[in-house]
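Enquirer: predicted model and sequence below, questions to follow.
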Amino acid sequence: MINDLWYKNAVVYCLSVETFMDANGDGIGDFQGLARRLDYLAGLGITAIWLMPFQTSPGKDDGYDVSDYYNVDPRYGTLGDFVEFTHGAKQRGIRVLIDLVVNHTSDEHPWFQAARKDESSPYRDWYIWSKEKPENANQGMVFPGVQKTTWSRDKVAGQYYFHRFYDFQPDLNTANPQVQAEILKIMGFWIQLGVSGFRMDAVPFVIAKKGADIDKAVEQYDMLRTFREFLQWRQGDAIILAEANVLPKTDVNYFGADGDRMHMMFNFQVNQTLFYALASSDCAPLAKALEATRTRPQTAQWGHFLRNHDELDLGRLTEAQRNRVFAAFGPDKNMQLYGRGIRRRFSPMLDGNRDRMRMAYSLMFSLPGTPVLRYGDEIGMGEDLSLPERKCARTPMQWSTEPQAGFTKSEAPVVPVISSGAYGFQHINVADQRRSPDSMLNWMERLIRMRKEVPEIGWGDYRVIDVEEEGVLAIRYDWRNNAVMIVHNLNEKPIEVRVDPGRGQGSELLVDIADGSDSRADEAGVHHLYLEGYAYKWFRVGGLDYLLRRTQI
Ligand code: NOJ
């Protein structure tokens, strides 16, 4: 029964077809290549793949500029290859989520081409136009420093069009019922081809009122219910995972008070404070963010992550906090982006410190929600800062020590493979790490297994437990008469902490799920834990054998 809501305890792995595996040797990753790597992903233990956009696109924003929603970009294969892939994933029990990019299209999309050429075209009203340049044209850019405006003049139309993102991404008029109907049609199409849902791009902008006369963002949350209803009526277990970097006070508007809007959202609030905690060993803002994002309907779920394909956005931290994270993880201007973020991969941010990285992944996996991993992070891949903007962290997967990291037989990969320095494929690759029991890859596999053994995290009630030491975070989960308490030491130094997991069944005995070691409480019910630097401890409260603990699946 609980597994019906599969996303409550999934392990999601996000990847771009273009840079994952090239089967036909043209230098560009493709669906056949990805299909060949399904056994690798199944072995890692992930339960869902999130595919970045792969539909036909001029590729000016790595596919987030779609020119045909109903096709696979020919560089990656055919619709047939796509279905082979989703079928292969299904055979291995892996679900597939795909990006749904409907805030905007490419300016090369036939809808925009028709709209700009003819004022009376039915597609004219699919976009947002203004005869004059709106006064707020220099506000609301998502890529400040690179993007100059949100309204550009189209010579053919003789009018200005609105674009929240780059100028080649004209915004769709999502309030137009025809556009809404088309969005549903797109969802229906891909559902039919075997996907289990969508990572919906830029949700706050999709639902915002758009137009030259709009000064303040007004969200039309009802739209979210329309999307969900459609999806669930078509396929009961399909979900939407929303990309919405919003304030906690609006979370419930996105989830819906009755759980009738988005199934999942990325937790950007926690992500930013987590990086602050890593940088400063001060867990208080993270604990506060966990509290602030607590309220959600029972069927809703958070997606937690460390890094994704974009910059690490630190825009919601205070300036002092942000500067602390910059200083720790991205001190050079060249590592920073859009005045608010860091464009690096996770491993180099932490100087490849394995103990610290493992602690950080363990922490992320233990937060109330579903973990989302980015391809390459399981082996600790690095970035190429000579590439522009976010491209630097989108280099091809490093499979082996073969030329081009085994990603392609071509000598001209679509994005250069990292081939020098400590993060070059000669040192960081899957083949080597598979052979080494203590590698990041094999460790990650063990972490994923452990996370799957603790469904309390996805389903349970949680409580951040007071500890005197600000660099230690302890969270307790309770669910169906079982409890776990997970403790992390963010300090480099060992530390002794007193932890009171609270009275309740079995609290006097804690058993570490990973190594079987235990802790017994003193007479006052307090545990005295000795934690190594960067330690992570997943304790089962009461010490029941982890396989015996379940009452109902
Ligand atoms: C958010 C995506 O994550 C980002 O990569 C993209 O550039 C924008 N949305 C525009 O689609």
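Expert: Nice, I can see it.

Enquirer: all contacts plus neighbour counts: C-alpha atoms, from now on.
Expert: Will do.

Enquirer: contacting residues for the residue in the stretch 1-150 of the chain positioned nearest to the ligand?
Expert: Nearest residue of the stretch 1-150 of the chain to the ligand, counting by C-alpha to the nearest ligand atom: residue 64, 4.5 Å away. The contact partners of residue 64, taken as C-alpha atoms under 8 Å, 6 or more residues apart in numbering, are 53, 57, 101, 105.

Enquirer: shouldn't it be within a strand?
Expert: No - secondary structure of residue 64 (DSSP: H, G, I helix; E, B strand; the rest coil): coil, not part of a strand.

Enquirer: what secondary structure does the closest residue to the ligand within the stretch 351-500 of the chain sit in?
Expert: The minimum distance from the stretch 351-500 of the chain to the ligand, using C-alpha to the nearest ligand atom, falls at residue 390 (8.0 Å). Look at residue 390: counting by three-state DSSP, its state is helix.

Enquirer: mind checking how far it is from residue 103?
Expert: 20 Å (C-alpha to C-alpha, to the nearest Å).

Enquirer: kindly report the same for residue 488.
Expert: 39 Å.

Enquirer: those two: which is more packed in?
Expert: residue 103 (26 against 23; other C-alpha atoms under 10 Å).

Enquirer: and the nearest residue to residue 220 once chain neighbours are set aside, what does it touch?
Expert: Among residues not flanking residue 220 along the chain, residue 207 sits closest, at 5.1 Å (C-alpha to C-alpha, 6 or more residues apart in numbering). Taking C-alpha under 8 Å, 6+ apart, we find residue 207 in contact with 174, 175, 219, 220, 221, 223, 224.

Enquirer: which parts of stretch 317-335 are buried?
Expert: Of all the residues in stretch 317-335, those buried under the rule 16 or more other C-alpha atoms under 10 Å are 317, 321, 322, 323, 324, 325, 326, 328, 329, 330, 335.

Enquirer: now tabulate those residues in a markdown table and tack on secondary structure and distance to the ligand.
Expert: Converted to a markdown table, the buried residues of stretch 317-335 look like this (DSSP: H, G, I helix; E, B strand; the rest coil; distance: C-alpha to the nearest ligand atom, whole Å):
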| residue | secondary structure | distance to the ligand |
| --- | --- | --- |
| 317 | coil | 19 |
| 321 | helix | 23 |
| 322 | helix | 21 |
| 323 | helix | 23 |
| 324 | helix | 24 |
| 325 | helix | 21 |
| 326 | helix | 21 |
| 328 | helix | 24 |
| 329 | helix | 21 |
| 330 | coil | 20 |
| 335 | helix | 17 |
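
Enquirer: burial count for the closest residue to the ligand within the stretch 301-450 of the chain?
Expert: Evaluated by C-alpha to the nearest ligand atom, the stretch 301-450 of the chain has residue 310 as its residue closest to the ligand, separated by 5.4 Å. Other residues near residue 310 come to 18 when the count uses other C-alpha under 10 Å.

Enquirer: can you tell me the SS state at it?
Expert: Secondary structure state of residue 310, per three-state DSSP, is coil.

Enquirer: just confirm it contacts residue 345, I think it does.
Expert: No - using C-alpha atoms under 8 Å as the test, residue 310 is too far from residue 345 to be in contact (9.9 Å).

Enquirer: within range of the ligand, give me the residues from the stretch 151-300 of the chain.
Expert: 201, 202 (C-alpha under 6 Å from any ligand atom).

Enquirer: quick one: the strands in the stretch 151-300 of the chain?
Expert: 151-154, 159-162, 197-200, 239-242, 264-266 (DSSP state E, counting those that start in this stretch).

Enquirer: closest one to residue 143 among the ones you listed?
Expert: Residue 143 lies closest, by C-alpha to C-alpha, to one member of those: strand 151-154, at 13.6 Å.

Enquirer: neighbouring strands of that closest one in the sheet, and parallel or not?
Expert: strand 159-162 (antiparallel) (DSSP bridges).

Enquirer: so how far is the partner strand off the chain centroid?
Expert: 32 Å (C-alpha atoms, centre = their mean, to the nearest Å).

Enquirer: what does it rub up against?
Expert: Residues contacting strand 159-162 (C-alpha under 8 Å, 6+ apart): 127-133, 150-154, 170-171, 211.

Enquirer: 10 Å instead?
Expert: 104, 116, 127-134, 137, 149-154, 167, 169-173, 210-212 (C-alpha atoms under 10 Å, 6 or more residues apart in numbering).

Enquirer: just the buried residues of these.
Expert: 104, 116, 127-130, 133-134, 137, 149-153, 167, 169-173, 210, 212.

Enquirer: measure the spatially closest residue to residue 329 that is not a sequence neighbour to residue 342 for me?
Expert: Nearest non-adjacent residue to residue 329, counting by C-alpha to C-alpha, 6+ apart: residue 349, 4.8 Å away. Residue 349 is 9 Å from residue 342, where distance means C-alpha to C-alpha.

Enquirer: which of those two has more neighbours?
Expert: Neighbour tally, residue 349 and residue 342, criterion other C-alpha under 10 Å: the higher count belongs to residue 342, 27 against 20.

Enquirer: what are the phi and psi angles of that one?
Expert: Main-chain dihedrals, residue 342, degrees, to the nearest 10: phi -120, psi 130.
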